[in-house]
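In: Sequence and predicted structure, then a few things I'm wondering about:
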Amino acid sequence: MAINTVIPKKNRNIDDSFYREMKFVRMRTENLNFYYGKKQALKDININIYQNHSTAIIGPSGCGKSTLIRLFNRMNDLVPNTRIEGGIYLDDKDINGPKADVVEIRRKVGMVFQKPNPFPKTIYENLSYGLKIQGINDKTLIEQKVVESLQKAALWDEVKDRLHDNALGLSGGQQQRLCIARCIAVEPEVILFDEPCASLDPIATAKIEELIEELEKYYTIVIVTHNMQQASRVSEYTAFMYLGELIEFGKTEKIFTVPKEKKTEEYLSGKFG
Amino acid sequence: MIDAIKFRNYKENTYKWIFTILAFSSLVFLVGIIIVLFKEGLPIFKEVNLFKFLFGKSWYPTYDPPEFGIFPLMLASFWVMIGATIVCVPLGIGSALYLHELASFKQRAFLKPLIEMLAGVPSIVYGFFGMVIVAPFIQKLFNIPVGLSLFTASMILGIMAVPTVCSITEDALSYVPKSFREASFAVGANRWQTLTKVIIPAAGSGISTAIILGMSRIVGETMTVLMVSGGAAIIPKSIFDPVRPMTATIAAEMGECAMGSKHFHALFAIGLILFLVTLFFNIIAEIISRRYRLKLGLGR
């Protein structure tokens, strides 16, 4: 568990069973405290995110799960008046350290948000954006990546004839898959999902869940969700948070069947939440 | 019981009528103004034809026979508008971008009201400032015979229009959903890329609206141009020539002309043209901003 090696990209898509067995820690936090002004939102969080596994973070509203996931790619930098104590490590490098390059971190750690947020541009431009800002100008390469990411996001068949239409014309579920494709297009290593199905209907939700399970083969996934069934369906590890604290963390089937903590059991059985 | 309900309905209806009347009263004023403008402006075209009026090169309304060619006046308004736009667009948009992107919360809370305060300064004060301080300074700086010129008018009017451009641009930028910014950052864009490739394009039509409304404000401004533009109804040959824009003409001459005279009607006709120009600007601005809100999915 302590071995922290970056897995070469070229191997990643071929056979991950070896790495899955080894359980590399891709990201971890160490005694993480986080404050909005004077209000403490996270208390002493220690959590490991394993390479090529998916980790679900569950808990009632306001427990800090979204705050935590947004710290993994420094999205909370945009929120004024916040303070971090403790460390968040990606491949054993502190992402808030003085040498950390926030642009590089966000490229490696992609994010899909609660509400689908495509740019008001065409579908094609939405996907090529991330590549173009990296300075990639090769048209054929961009086109190839666009197609590839749409296929991976299971959206290709639905949009292949209208790549140059405005992305806002897509349905909510399609927009969210487009956002996933946009995230994939820049080849991140970790993907953060912040309640990706919160604004979608059950059918669209099912499609996204299916997609997340598929993506697990290639990426390390962290997903915040309100929906316990969703957590049990898509994740291998589950973290239960309550009032800013990490109450329990472990294999999903263990958490859901034999939780160690009383709070976890109460939450899972619907006593509060 | 039934009486209580009746009374409530009665009250509701009264409120409904009061507010309906208030809402429509502005429409009444608008229609009234349009009617007066046409009624008093059109008779001049019995004396001079429309083409001669618009493109005649000399404006000598008090001569005998008088000449009513407003081309120099229109040209003056046009050049002042262009000059002032060149001044106010970079200043207004630049300060909006600073306020929105770089300023800390405290700076914004301090600066935004300050910029908006510029809009609250009476135009006569601008005129006074331009006449007493800016004009002599420019006269000395460029070593020209008069300081009251197209150039001075453009500068002062440009500064006057900054708050309009700045605050509408800032609004347009803040209407861009936060989620666009997050999405851009999440794929690894830096701040500059996010600003130029996502935020500004998304706010583009809002920014154009800001510019057009700023221009409309410049064209309609009267007191300041009257004081700083120099007042000569000639076709300007350089930016340091004095000019006499349409608004300044009306303000300066309306007091002197006899009611119902040709001169009087000619001034109304100028007012009519000004009205049509600003109306045109406002309609364009409205169309653009409506399209913009639709594009961002904000509804009408």
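Out: On my side now, so go ahead. Everything quoted here is computed from the prediction, not taken from an experiment.
In: Which residues of chain A lie near chain B?
Out: Remark: the part of chain A in contact with chain B comprises A:73, A:75, A:78, A:80-81, A:103-104, A:106-107, A:110-111, A:113, A:115, A:117-121, A:129-130, A:133-134, A:168, A:179, A:182-183, A:185-186, using CB under 8 Å from any CB of the partner chain. In this view, the C-beta of every residue, glycine as well, is placed from N, C-alpha and C.
In: Could you pick out which of those residues are located in strands?
Out: With strands identified by DSSP state E, the entries of the residues of chain A next to chain B that belong to them are A:110-111.
In: Kindly give a single ChimeraX line that selects the buried subset of the residues of chain A next to chain B.
Out: Selection command for ChimeraX covering only the buried members of these, criterion 16 or more other CB atoms under 10 Å in any protein chain shown:
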select /A:73,75,103,106,107,110,111,113,115,117,118,119,120,121,129,130,133,134,168,179,182,183,185,186
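In: residue ranges with poor pLDDT in the stretch 151-300 of chain B?
Out: By pLDDT under 70, the weakly predicted segments of the stretch 151-300 of chain B are B:292-300.
In: Chain A contacts on that one?
Out: With CB under 8 Å from any CB as the criterion, the stretch 151-300 of chain B meets chain A at residues B:177-190, B:193, B:197-198, B:201-202, B:295-297.
In: Try it again at 10 Å.
Out: Contact residues (CB under 10 Å from any CB of the partner chain) of the stretch 151-300 of chain B with chain A: B:176-194, B:197-198, B:201-202, B:292, B:294-297.
In: same deal with the stretch 1-150 of chain B?
Out: If contacts are counted using CB under 10 Å from any CB, the residues of the stretch 1-150 of chain B sitting beside chain A are B:104-105.
In: Quick one: the strands in the stretch 1-150 of chain B, in order.
Out: According to DSSP state E, counting those that start in this stretch, the stretch 1-150 of chain B carries its strands in the segments B:59-60, B:67-68.
In: Output the ones you listed as CSV; include the columns mean neighbour count.
Out: Output for these, formatted as CSV (neighbours: other CB atoms under 10 Å in any protein chain shown):
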stretch, mean neighbour count
strand B:59-60, 17
strand B:67-68, 18
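In: JSON lines for the ones you listed, including mean pLDDT and distance to B:G206?
Out: Rendered in JSON lines, the data for those read as follows (pLDDT from 0 to 100; distance: least, CB to CB, whole Å):
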{"stretch": "strand B:59-60", "mean pLDDT": "88", "distance to B:G206": "38"}
{"stretch": "strand B:67-68", "mean pLDDT": "86", "distance to B:G206": "40"}
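In: A:I247 - how many residues pack around it?
Out: By the criterion of other CB atoms under 10 Å in any protein chain shown, A:I247 has 18 neighbours.
In: Check which helices and strands the helix or strand harbouring it sits against.
Out: A:I247 is located in strand A:245-251, with elements delineated by DSSP states H and E. Contact analysis of strand A:245-251 by 3 or more CB pairs under 10 Å, 6 or more residues apart in numbering or on different chains; DSSP states H and E lists strand A:39-50, strand A:54-58, strand A:237-242, helix A:252-257, helix A:262-268 as its packing neighbours.
In: in that strand, what's buried?
Out: Along strand A:245-251, these residues count as buried under the neighbour rule (16+ other CB under 10 Å): A:246-250.
In: would you put the C-alpha positions of that strand in CSV?
Out: Written as CSV, here are the backbone C-alpha positions of strand A:245-251 (Å, rounded to 0.1, in the frame of the first residue of the first chain):
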residue,chain,number,x,y,z
GLU,A,245,-15.2,14.4,9.6
LEU,A,246,-14.4,11.2,7.9
ILE,A,247,-16.3,8.6,9.9
GLU,A,248,-15.5,5.5,8.1
PHE,A,249,-13.5,4.4,5.0
GLY,A,250,-13.2,1.0,3.5
LYS,A,251,-14.3,-1.5,0.9
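In: Report the inter-axis angle for it versus strand A:54-58.
Out: Between the direction of strand A:245-251 and that of strand A:54-58, the angle (axes from the mean of the first three to the mean of the last three CA atoms, to 10 degrees) works out to 150 degrees.
In: what does strand A:245-251 contact?
Out: By CB atoms under 10 Å, 6 or more residues apart in numbering or on different chains, the list of residues contacting strand A:245-251 from outside reads A:29, A:32, A:42-48, A:53, A:55, A:57-59, A:63-65, A:68, A:235-242, A:254-265, A:267.
In: Buried subset of these, written for PyMOL?
Out: Buried residues within the contacts of strand A:245-251, by 16+ other CB under 10 Å, are selected in PyMOL with:
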select buried, chain A and resi 29+32+42+45+47+48+53+55+57+58+59+63+64+65+68+235+236+237+238+239+240+241+242+255+256+259+263+264+267
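In: burial of B:Y63, as a residue count?
Out: The burial count assigned to B:Y63 is 9, neighbours taken as other CB under 10 Å.
In: Spell out, range by range, the helices that occur in the stretch 1-150 of chain A.
Out: Assigned by DSSP state H, counting those that start in this stretch, the stretch 1-150 of chain A shows helices spanning A:9-12, A:17-22, A:65-71, A:102-108, A:123-132, A:139-152.
In: residues touching A:D101, list them.
Out: Residues counted as contacts of A:D101 (CB under 10 Å, 6+ apart) are A:95, A:107-108, B:188.
In: Out of the residues you listed, flag the one nearest to A:D161.
Out: Within these, distances to A:D161 taken as CB to CB reach their minimum at B:G188, with 29.3 Å.
In: just checking, the closest one is part of a helix?
Out: No: judged by DSSP: H, G, I helix; E, B strand; the rest coil, B:G188 forms no part of a helix; its state is coil.
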